[in-house]
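**Q** Give the three-dimensional model of this entry:
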Amino acid sequence: MNLISFNKLTILAVITFVIMSVLFFYGDVGFSYNDPLILWHLRFPKIIVAFFAGGMLASAGLLLQVFFHNPLAGPDLLGINAGASLGVALAIMGSAFFPAEFLVLTIPVMAFLGAMAIFILLMFLVRKNISKISLIILGLLISSFTASTVSVLVNFSTSLQVKNFLSWSMGTFKDVTLENLPIFVGLSMLSLVGLFFIPKKLNQFMIGENYAKSMGMNVKSFKLSLIIICSLLVSVVTAYCGPVVFIGVIAPHLARALMKKSDVRILLPTVFFFGSFLALSSELILVLVPVNFLSTNSLLGLIGAPIIALYLIRDQRRLQ
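**A** Numbering: from 1, shown residues only. Purely as a prediction, here's the structure:
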């Protein structure tokens, strides 16, 4: 990483940490500065969760875009979020079959299995390079199928189970308590460990599978490791925060625009901080504009949908 890229990354990281500080000391609830309940039990967990969740979704988005060689690939647009959501739905609505004390770990495990199942399904369906639009349509079909499956599960669930699932499905960084925060952070760190071992191979894979093979890479093994890492990243966030949208698609584009490089060794830390920046910024906007009808997902959707639409329009004009 050269000095210019390092300085850009440092500035982005500083801005992200400034937003974290503002969120810690400012909110829509009045308090005295020595009030530990609001500071440590409400705001601190939300800030840490938003930091990790945004970065993990952004990192997963970058890996997916490299894996499918498609700049519009992302956990939500490809249906991987939906697969994790189906796993969570099975865990919540089938909670009677799981011991209550194990439910806190059952949900992440089921989310991981659901995300990995959809990822593997996508890998088998996308044998050849398909258009960006076709890949998104495929993701929408998968999301529609999982949503229909959840609707069927609702009919066999109690009102309390349905209420818990609907509350989770809104997508928020506020539901992780201080007691559960160490579990979330531990699972997040475990998911992020794999990112430290793949940048060089990911650069080779990005050039092409034949080139990667010529460099001695076991492509099948590498693809499997990417599937596991992406599934872990998405499932941990989805299990604890709900199906958070658009961060995984937008952040990689912002990172490339800032760094003007395609080297994954530079993009991975940049995209992580951009994801954290987007997640924390959405929380800051919700604090500054306290409206009850606007959720984290609603705000991210209002920001993300126009950006994706503009990208598609620009890409279509370039092809004409």
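**Q** At the geometric centre of this structure, which residue do we find?
**A** Leu57 (2.3 Å; CA atoms, centre = their mean).
**Q** Report the contact partners of that one.
**A** Leu57 makes contact with 75, 233-234, 237, 244, 247-248, 251, 275, 279, according to CB atoms under 8 Å, 6 or more residues apart in numbering. To be clear about C-beta, it is placed using only N, CA and C from the backbone, and glycine gets the same treatment.
**Q** any idea how far it lies from Leu310?
**A** Note on Leu57: its distance to Leu310, by CB to CB, to the nearest Å, is 21 Å.
**Q** Closest one of the contacts of Leu57 to Ile183?
**A** Closest approach to Ile183 among these (CB to CB): Val237, at 13.5 Å.
**Q** Surely that closest one touches Ser59?
**A** No - contact criterion CB atoms under 8 Å: Val237 and Ser59 do not qualify, at 10.3 Å.
**Q** What are the boundaries of the helices in this protein?
**A** Using DSSP state H, the helices of the chain run over residues 3-25, 36, 44-67, 80-93, 103-125, 132-154, 159-169, 181-193, 199-207, 209-214, 219-241, 247-259, 264-288, 296-319.
**Q** Reformat those into a markdown table and put distance to Asp175 next to each item.
**A** Output for those, formatted as a markdown table (distance: least, CB to CB, whole Å):
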| stretch | distance to Asp175 |
| --- | --- |
| helix 3-25 | 16 |
| helix 36 | 20 |
| helix 44-67 | 8 |
| helix 80-93 | 12 |
| helix 103-125 | 11 |
| helix 132-154 | 19 |
| helix 159-169 | 7 |
| helix 181-193 | 10 |
| helix 199-207 | 32 |
| helix 209-214 | 40 |
| helix 219-241 | 7 |
| helix 247-259 | 17 |
| helix 264-288 | 13 |
| helix 296-319 | 11 |
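**Q** Including mean pLDDT, could these go into JSON lines?
**A** Shown next, in JSON lines, are those (pLDDT from 0 to 100):
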{"stretch": "helix 3-25", "mean pLDDT": "93"}
{"stretch": "helix 36", "mean pLDDT": "78"}
{"stretch": "helix 44-67", "mean pLDDT": "95"}
{"stretch": "helix 80-93", "mean pLDDT": "91"}
{"stretch": "helix 103-125", "mean pLDDT": "86"}
{"stretch": "helix 132-154", "mean pLDDT": "87"}
{"stretch": "helix 159-169", "mean pLDDT": "87"}
{"stretch": "helix 181-193", "mean pLDDT": "94"}
{"stretch": "helix 199-207", "mean pLDDT": "91"}
{"stretch": "helix 209-214", "mean pLDDT": "91"}
{"stretch": "helix 219-241", "mean pLDDT": "92"}
{"stretch": "helix 247-259", "mean pLDDT": "93"}
{"stretch": "helix 264-288", "mean pLDDT": "94"}
{"stretch": "helix 296-319", "mean pLDDT": "79"}
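**Q** Got phi/psi on Phe68?
**A** phi -90, psi 0 (degrees, to the nearest 10).
**Q** ok, Phe145 to Gly94 distance?
**A** Computed as CB to CB, the Phe145 to Gly94 distance reads 19 Å.
**Q** re the thing from before, more neighbours, Val237 and Ser59?
**A** Neighbour totals were compared for Val237 and Ser59, and Val237 leads with 36 against 28 (other CB atoms under 10 Å).
**Q** Who are the contact partners of Ser225?
**A** Counting by CB under 8 Å, 6+ apart, Ser225 makes contact with 194, 198.
**Q** How about Leu9?
**A** By CB under 8 Å, 6+ apart, the neighbours of Leu9 are 1, 259, 266, 269-270, 273.
**Q** What's the separation between it and Gly94?
**A** Taking CB to CB, one finds Leu9 at 44 Å from Gly94.
**Q** circling back to that earlier point, of the contacts of Leu9, which is the nearest to Gly194?
**A** Checking the contacts of Leu9 against Gly194 with CB to CB, the nearest one is Pro269 at 14.6 Å.
**Q** Nearest residue to the closest one in space, ignoring adjacent ones along the chain?
**A** Taking CB to CB, 6 or more residues apart in numbering, and ignoring the residues beside it in sequence, Pro269 has Leu9 as its nearest neighbour in space, at 6.0 Å.
**Q** where's the one you found relative to Pro108, distance?
**A** Separation of Leu9 from Pro108 (CB to CB) stands at 30 Å.
**Q** repeat for Arg256
**A** Distance of Arg256 to Pro108, given as CB to CB: 31 Å.
**Q** Compare neighbour counts for the two and give me the winner.
**A** Applying other CB under 10 Å to Arg256 and Pro108 shows that Pro108 carries more neighbours, namely 24 against 19.
**Q** In contact with that one: list those residues for me.
**A** Residues in contact with Pro108, defined by CB under 8 Å, 6+ apart, are 187, 235-236, 239-240.
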